[in-house]
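Trainee: Need the 3D shape of this:
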Amino acid sequence: MQPIPELPDDAAADDAAPRAPTDSVRARVVINCAGLYGDIVESWRPGGGAADGEWRMAHCDSQVGADAAFHITPRKGQFVVLAPPAGATPPRAVLELVPTQFTKGVIVWTTVWGTVVVGPTAEPQTSRDDRRTDEPTVRALIEHGEKCVPALKGATVLGTYAGLRPATEHRDYQIGATPTGGASGWITVAGIRSTGLTAAPGIGEYVAEIYVGLSRDEPPVHVSALGAAGPPPPDGCAVGVTHAACNPEAAPRPAPAVRNAPVPPLATLAADYRARGDGCVRLYGRPRRVTHPIASYGMEAG
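Mentor: Predicted coordinates for the structure are as follows:
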């Protein structure tokens, strides 16, 4: 990443000459959610006499000091997409191994259009942008798929792809804040790996609490205290605690049992997604937005 250049005085003028790049940027609160570059951006935290609210940007290379709070180690996950042989029955359930401390393991599942995906792997590497797949790993994935689903023997390889997770030396996410005086501060949201997808609502709520606390120059404030009646939790910050949890009934009533109808087949959902054209599918009488890029691609390609 390059230092952020300043805008010309008249940004609307086509012939305005841009100013020289600057090595600092001013902001009330900075949120470091740079993913694979999170440790590099973290090195920009205030220090060395920077003014209140001014963040000094170091030369953005791949060098991060040994004393840094965390270091990003890109963890590659490779996948292979297979077309089962004619007459073969693809798996009807998601097949997942018992997770280990390091990885959840390679998963085998069937897509909405009948192909089978095997992956991901978990391979630490130094490059932050190398998403190439390699033949030995792809062959190992194919063998794993055949071991889990013998009917995949002889399957056709349709394609491969890979992604990178921003792993750190810590097992947990690196989320926290550093007040720098007044209403200024730095919020770190780093090391968010695979589970960040499902944890995103809680992470977003927590970061909102931190941001509000920094902007008020006070401890984090739970979001339920911003517009809802009733006091916040005793500790002032509780991720995922809803307004109902903050204001429990004196005698909670048992929730009535509700049995949903079966989920429509994936092919039906994909057809509805394409017919609607608004990025949603109708499920249980309500439109549900498809947010995951792989799922939306599958819906469009199905």
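Trainee: Please make it C-alpha for all contacts and neighbour counts, starting now.
Mentor: Noted.
Trainee: Quick one: the strands in the stretch 1-150 of the chain, in order.
Mentor: 24-26, 29-32, 54-56, 73-83, 95-96, 107-110, 116-119, 123-124 (DSSP state E, counting those that start in this stretch).
Trainee: Show me what the last one packs onto, helices and strands only.
Mentor: It refers to strand 123-124. strand 73-83 (3 or more Cα pairs under 8 Å, 6 or more residues apart in numbering; DSSP states H and E).
Trainee: tell me which strands and helices the strand it packs on is in contact with?
Mentor: Under the contact definition 3+ Cα pairs under 8 Å, 6+ apart, strand 73-83 sits against strand 116-119, strand 123-124, helix 135-148, strand 156-167.
Trainee: Need the contact partners of the longest one.
Mentor: Translated: helix 135-148. For helix 135-148, contacts defined as Cα atoms under 8 Å, 6 or more residues apart in numbering pick out 78-80, 95, 108, 118-119, 152-153, 160.
Trainee: possible to save the helices and strands packed on strand 73-83 as TSV with distance to residue 45, mean neighbour count and mean pLDDT?
Mentor: Compiled in TSV, the helices and strands packed on strand 73-83 are given as follows (distance: least, Cα to Cα, whole Å; neighbours: other Cα atoms under 10 Å; pLDDT from 0 to 100):
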stretch	distance to residue 45	mean neighbour count	mean pLDDT
strand 116-119	37	23	96
strand 123-124	26	14	94
helix 135-148	39	17	96
strand 156-167	19	18	95
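Trainee: right, and the ones you listed - which one's nearest residue 40?
Mentor: Nearest of the helices and strands packed on strand 73-83 to residue 40, taken as Cα to Cα: strand 156-167 at 12.1 Å.
Trainee: so how far is the longest helix that the chain contains from its chain's centroid?
Mentor: In the chain, taking DSSP state H as the definition, the longest helix is helix 196-215. Relative to its parent chain, helix 196-215 has a centroid offset of 13 Å by Cα atoms, centre = their mean, to the nearest Å.
Trainee: Report the buried residues of that helix.
Mentor: Residues 203, 205-215 are the ones in helix 196-215 that count as buried (16 or more other Cα atoms under 10 Å).
Trainee: Save those residues as TSV, and put in pLDDT too.
Mentor: Listed next are the buried residues of helix 196-215 as TSV, based on pLDDT from 0 to 100:
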residue	pLDDT
203	88
205	84
206	85
207	89
208	87
209	84
210	86
211	88
212	84
213	81
214	82
215	77
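Trainee: And the furthest pair within the residues you listed?
Mentor: With distances taken as Cα to Cα, the most widely separated pair in the buried residues of helix 196-215 is 203 and 215, at 18.2 Å.
Trainee: circling back to that earlier point, which one of the helices and strands packed on strand 73-83 lies closest to residue 196?
Mentor: Smallest distance to residue 196 across those (Cα to Cα): 10.0 Å, for strand 156-167.
Trainee: Let me know the angle separating the closest one from strand 73-83.
Mentor: Here the directions of strand 156-167 and strand 73-83 differ by 160 degrees (axes from the mean of the first three to the mean of the last three Cα atoms, to 10 degrees).
Trainee: about what we covered before: please convert the buried residues of helix 196-215 to CSV, extending it with distance to residue 134.
Mentor: Shown next, in CSV, are these (distance: Cα to Cα, whole Å):
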residue, distance to residue 134
203, 34
205, 39
206, 39
207, 38
208, 41
209, 43
210, 42
211, 42
212, 46
213, 47
214, 46
215, 48
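Trainee: Residue 256: which of those is nearest?
Mentor: Looking across the buried residues of helix 196-215 and measuring by Cα to Cα, the closest to residue 256 is residue 205, at 28.4 Å.
Trainee: circling back: by mean pLDDT, show me the worst of the strands of the stretch 1-150 of the chain.
Mentor: Here the lowest mean pLDDT among the strands of the stretch 1-150 of the chain goes to strand 54-56, at a mean of 58.
Trainee: Distance check, residue 25 against residue 190.
Mentor: The gap separating residue 25 from residue 190 is 20 Å, by Cα to Cα, to the nearest Å.
Trainee: of the two, who's got more company?
Mentor: Taking other Cα atoms under 10 Å, residue 25 and residue 190 do not tie; residue 190 has more neighbours (27 against 15).
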